[in-house]
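Enquirer: What shape does this take:
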Amino acid sequence: MKIPKLFQKTLFGIFLLFGVIGVSTSILCIYTVDVHLSEEYETNSKGIAKTIADASVDIILNRELSALQSLIDQFIEIQGISYIYVTSESGEFLAHTFVPGIPEQILKGDPTGTATVERSLPGMGDFVEVSSPILAGVAGAVHIGMDTGLITLQIQRAIGHQVYLISLIFIGGIFAALWLVNLAAKPITTLLASAASVARDGGSDVDKKLLARGDEAGHLARLFLHVAGTAAPPAAAAAPSDERA
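Expert: Predicted structure coming up:
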């Protein structure tokens, strides 16, 4: 499919516009899904941490640490939760799900803090850790780590169908743009052929459909014929001069 030079810049602009729309829409989708899923995971984890904190009050007061360990082992099976540990008000680790032991980064951190933090644990991955105080912090705190790799995977799955749809629209838009530009360029090609006919033999081969058009191409074709008719010297006017000669 040959595109006239007159429309090549227009076609390039259409492709560029489609590209900008596709890229900006994909970035917006990724950002929106990322924020939404991250907030959802964090909210759910905080809810689980609060549930454990409420359920472990009597257990901690009675120092039934085996029961506390059994309690947090039940929640570690929930998707997205990678580790759980419970600390006392003095920072003592009462129970945890780390195997074989507590990572050095967590041991060096503040076990009594309840702020949301991001952790990178060697050999385990990257995590977002949320916490919930037990009896307003008097009896300690529950800490839950969420695997950000799983969140990323969920984001990829969520936006996969959207990106697929955008790609189909982009490809379809390219073919539609090529067809529309070629449709718009067809009268220009016919007009060029008609202009050559006018210049060659006065327009005997001008496309009748082109002359019947009501757009700019039809106006130019009729203008070419009009100019050719007024510019050509009449043949009858040259005959008397020949006779006098």
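
Enquirer: Torsion angles phi and psi at the closest residue to Gly149 other than its chain neighbours?
Expert: In this structure, Gly149 finds its nearest non-sequential neighbour in Gly125, 5.4 Å apart by C-beta to C-beta, 6 or more residues apart in numbering. (Glycine included, C-beta is placed from N, CA and C.) Phi and psi for Gly125, reported as degrees, to the nearest 10, are phi 130, psi -160.

Enquirer: just the one 3 residues further on next, same as before
Expert: Backbone dihedrals for Val128, given as degrees, to the nearest 10, come out at phi -110, psi 120.

Enquirer: who's it bridged to?
Expert: Glu118, Met146 (DSSP bridges).

Enquirer: need the contact list for it.
Expert: When the contact criterion is C-beta atoms under 8 Å, 6 or more residues apart in numbering, the partners of Val128 are 38, 41-42, 45, 116-119, 145-146, 148, 151.

Enquirer: Export these to TSV and append columns for neighbour count.
Expert: Output for the contacts of Val128, formatted as TSV (neighbours: other C-beta atoms under 10 Å):
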residue	neighbour count
Ser38	17
Tyr41	21
Glu42	16
Ser45	24
Thr116	13
Val117	15
Glu118	9
Arg119	17
Gly145	25
Met146	23
Thr148	19
Ile151	20
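
Enquirer: is it possible to export these to JSON lines including pLDDT and distance to Gly91?
Expert: Supplementary listing: these in JSON lines, determined by pLDDT from 0 to 100; distance: C-beta to C-beta, whole Å:
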{"residue": "Ser38", "pLDDT": "79", "distance to Gly91": "28"}
{"residue": "Tyr41", "pLDDT": "80", "distance to Gly91": "27"}
{"residue": "Glu42", "pLDDT": "82", "distance to Gly91": "24"}
{"residue": "Ser45", "pLDDT": "84", "distance to Gly91": "21"}
{"residue": "Thr116", "pLDDT": "84", "distance to Gly91": "18"}
{"residue": "Val117", "pLDDT": "85", "distance to Gly91": "15"}
{"residue": "Glu118", "pLDDT": "85", "distance to Gly91": "21"}
{"residue": "Arg119", "pLDDT": "85", "distance to Gly91": "17"}
{"residue": "Gly145", "pLDDT": "89", "distance to Gly91": "17"}
{"residue": "Met146", "pLDDT": "87", "distance to Gly91": "22"}
{"residue": "Thr148", "pLDDT": "82", "distance to Gly91": "26"}
{"residue": "Ile151", "pLDDT": "75", "distance to Gly91": "29"}
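
Enquirer: Serialize the residues you listed to JSON lines and add fields for distance to Leu178.
Expert: Listed next are those as JSON lines, based on distance: C-beta to C-beta, whole Å:
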{"residue": "Ser38", "distance to Leu178": "41"}
{"residue": "Tyr41", "distance to Leu178": "44"}
{"residue": "Glu42", "distance to Leu178": "47"}
{"residue": "Ser45", "distance to Leu178": "50"}
{"residue": "Thr116", "distance to Leu178": "51"}
{"residue": "Val117", "distance to Leu178": "53"}
{"residue": "Glu118", "distance to Leu178": "48"}
{"residue": "Arg119", "distance to Leu178": "52"}
{"residue": "Gly145", "distance to Leu178": "52"}
{"residue": "Met146", "distance to Leu178": "47"}
{"residue": "Thr148", "distance to Leu178": "43"}
{"residue": "Ile151", "distance to Leu178": "40"}
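
Enquirer: Just name the closest of the residues you listed to Ile76, please.
Expert: Using C-beta to C-beta, Gly145 comes nearest to Ile76 of the contacts of Val128, at 10.1 Å.

Enquirer: Correct me if wrong: that closest one contacts Gly80.
Expert: No: applying C-beta atoms under 8 Å, one finds Gly145 not in contact with Gly80, separated by 9.8 Å.
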